[in-house]
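Enquirer: Quick check, what structure comes out for this input:
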Amino acid sequence: MASNSRFIFGFHAVTSRLRQNPDSIQEIFIDAARADQRARGLVNLADSHKIRLISCESSKLNSMAGNDRHQGVVANVDFSRNHIVVDDVLDTLTEPARLLVLDGIQDPHNLGACLRVADAFGVHAVIAPKDRAVGLTSTVYKVSSGAADTVPFISVTNLARTLRQLKDRGIWIIGTAEDADNDLTCFQINTPVAWVFGSEEKGIRRLTREVCDQLVRIPMAGSIESLNISVAVGICFFETHRQQSKC
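Expert: Here you go, the predicted structure:
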């Protein structure tokens, strides 16, 4: 398999990729034992895009996916056709930007869950550093339930520089921190915004924090001091969506 190619698996992830970016799919492997309606629908969709289908045993799919949770379908994807930069997204927007910045998230399950949240609340892109952070692995695709195909994921070499570029385009950079003075429940979100969340263990890095326009904390009433990253992302983007939506 080419260096730019990786496997994604699961019906939702593969079907979403077929609909959003079919040219990136090199071939699809499907369990020879599956002949149900869901499998037939995927086969028909692949045929309509003239994508090669390969029938094989479930054991081979286990090997490609690295587990047995592939649901009988694995796709070989050329990720070199995924390249996108921030300006590609911003230049096409007809509404205020709504971005998610993840500063050093390393757990693929957390990234997949964050992508699902981003899709649910109309986030235009997810931005993350290339180094010391998880990328779009097969596990991320599986956990995201197709959101990795619907929300652009942009890897950048220098996150602080990218945030400054966003500020130059009128986007407010809001970082999340437990020690922030601003409480989310009393915080106005009425501009284009990029929410910044730090790593699971260390939070936002110092250089990233210094670029933020403001820091905000989620009020906690219980004995637990912090939330799972995807839960925190969901709370902040729900509040963003609530404030910016016209009821």
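Enquirer: Geometric centre of the protein: which residue is closest?
Expert: residue 115 (3.2 Å; CA atoms, centre = their mean).
Enquirer: Mind pulling up the pLDDT for that residue?
Expert: We have a pLDDT of 97 for residue 115.
Enquirer: which stretches of the chain form helices?
Expert: 11-20, 37-48, 58-65, 86-90, 108-120, 138-144, 147-150, 159-168, 206-211, 229-244 (DSSP state H).
Enquirer: Go through these and name the closest to residue 221.
Expert: Residue 221 sits nearest to helix 229-244 of all the helices of the chain, at 13.0 Å, using CB to CB. In this view, the C-beta of every residue, glycine as well, is placed from N, C-alpha and C.
Enquirer: Buried by neighbour count: which residues of that closest one qualify?
Expert: Neighbour-count burial for helix 229-244, with 16 or more other CB atoms under 10 Å as criterion, is recorded at 229, 230, 232, 233, 234, 235, 236, 237, 239, 240, 244.
Enquirer: Verify the contact between the second one and residue 113 for me.
Expert: Right, the one you point to is residue 230. Yes: when contacts are counted by CB atoms under 8 Å, residue 230 is listed as touching residue 113 (3.5 Å).
Enquirer: circling back to that earlier point, could you dump the buried residues of helix 229-244 to a markdown table with pLDDT and distance to residue 99?
Expert: Compiled in a markdown table, the buried residues of helix 229-244 are given as follows (pLDDT from 0 to 100; distance: CB to CB, whole Å):
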| residue | pLDDT | distance to residue 99 |
| --- | --- | --- |
| 229 | 94 | 16 |
| 230 | 96 | 16 |
| 232 | 95 | 16 |
| 233 | 97 | 12 |
| 234 | 97 | 15 |
| 235 | 96 | 17 |
| 236 | 97 | 12 |
| 237 | 97 | 10 |
| 239 | 95 | 15 |
| 240 | 95 | 10 |
| 244 | 89 | 13 |
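Enquirer: re earlier: redo the helices of the chain as TSV? Include distance to residue 132.
Expert: What follows is those, written out as TSV (distance: least, CB to CB, whole Å):
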stretch	distance to residue 132
helix 11-20	25
helix 37-48	36
helix 58-65	26
helix 86-90	20
helix 108-120	13
helix 138-144	16
helix 147-150	20
helix 159-168	10
helix 206-211	12
helix 229-244	15
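Enquirer: and of these, who's closest to residue 197?
Expert: Nearest of the helices of the chain (CB to CB): helix 229-244, 5.9 Å.
Enquirer: which of the residues in stretch 116-126 are buried?
Expert: 116, 117, 118, 119, 121, 123, 124, 125, 126.
Enquirer: again with stretch 156-166
Expert: In stretch 156-166, counting by 16+ other CB under 10 Å, buried: 156, 159, 160, 162, 163, 166.
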